[in-house]
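sequence? don't have it. structure:
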């Protein structure tokens, strides 16, 4: 019984340790990717209860990024991604300006240096503040 237990332990250790040195498990190379760091979620009139009735600025911005930069690579495309995001920001504001609903959201466009799936460095490229159809305050009336 003892011999059988020792053999099972030896086999388990061999299998476990042999996968640690396999180069296929290790991430290869450094790539640049982009993501949104959400500081304030998408709200309509200060609430999430009706956001499903409108396009999400977060989803649209992520789609804009992937449209111009579908696959992370070693070079990145900062100018192209920022330009696409700026265009999307302006298009979204234009789409909903003049309505009665107050749209708010705040997020940052981030540039990430990744090794495999691990982010080893990130940098903020731009901040997008959505404040569409701001209600008048007592001072402005």
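Arrived safely. Everything numeric in this text was worked out from a predicted model, so none of it was measured.

please count neighbours and contacts with C-alpha atoms only from this point.
Noted.

which helix or strand in this structure has the lowest average pLDDT?
helix 2-20 (a mean of 46; mean pLDDT, DSSP states H and E).

list the helices and strands the very next helix or strand once past that one packs on?
Counting by DSSP states H and E, the next helix or strand C-terminal to helix 2-20 is strand 30-44. When contacts are defined as 3 or more Cα pairs under 8 Å, 6 or more residues apart in numbering; DSSP states H and E, strand 30-44 sits against helix 57-68, strand 103-115.

any weak-confidence spans in the chain?
Scanning the chain with the threshold set as pLDDT under 70 gives 1-28, 140-141.

nearest the geometric middle of it, what residue?
Centroid-nearest residue in the chain, with Cα atoms, centre = their mean: residue 35, separated by 3.2 Å.

so residue 60 touches residue 90, yeah?
No - counting by Cα atoms under 8 Å, residue 60 does not reach residue 90; the two are 11.8 Å apart.

the more surrounded of the two?
residue 60 (15 against 11; other Cα atoms under 10 Å).

ok, the more buried one - contacts?
residue 88 (Cα atoms under 8 Å, 6 or more residues apart in numbering).
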